[in-house]
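>>> would you be able to build a 3D model of this:
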Amino acid sequence: MTKRTPPYSPEVRARAVRMVLDHQSEHASQWAAINSIAAKIGCSGETLRNWIRQSERDKGLQGGPSTDERERIKALERENRELRQANEILRKASAYFAMAELDRPFKR
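I've put the predicted structure just below:
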């Protein structure tokens, strides 16, 4: 599995979010500001809206997991998946060797 690199750097994301928050008063709504800035940086309005919502979560202004918490959850889920796979391999190996032990002739 290869790691995907996001098309926009964290600096671009932070700057776009800052621009929306700074220029929001110049537009009729936050969505209008988002669409205006999104067109200038070349992303969709929905993408920029998601960046803003995540920024709000990171600052504690909105409920939900912050970026650090999301990364920690992903790491724990990955570890959990790997441990389940290892347990499955060990269970199958145990069953295989138990059957081999039963097939072996009894020594006196």
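>>> counting contacts, what elements does the helix or strand containing W51 pack onto?
W51 belongs to helix 45-59 when assigned by DSSP states H and E. Secondary structure elements in contact with helix 45-59, counted by 3 or more CB pairs under 8 Å, 6 or more residues apart in numbering; DSSP states H and E, are helix 10-23, helix 30-41, helix 67-103. For every residue, glycine as well, the C-beta is placed using N, CA and C.
>>> now render the ones you listed as a markdown table, adding distance to G60, mean neighbour count and mean pLDDT.
Output for the helices and strands packed on helix 45-59, formatted as a markdown table (distance: least, CB to CB, whole Å; neighbours: other CB atoms under 10 Å; pLDDT from 0 to 100):
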| stretch | distance to G60 | mean neighbour count | mean pLDDT |
| --- | --- | --- | --- |
| helix 10-23 | 15 | 15 | 93 |
| helix 30-41 | 19 | 16 | 93 |
| helix 67-103 | 11 | 10 | 92 |
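>>> looking at these, which is closest to E56?
The minimum distance between E56 and the helices and strands packed on helix 45-59 falls on helix 10-23, with 9.2 Å, by CB to CB.
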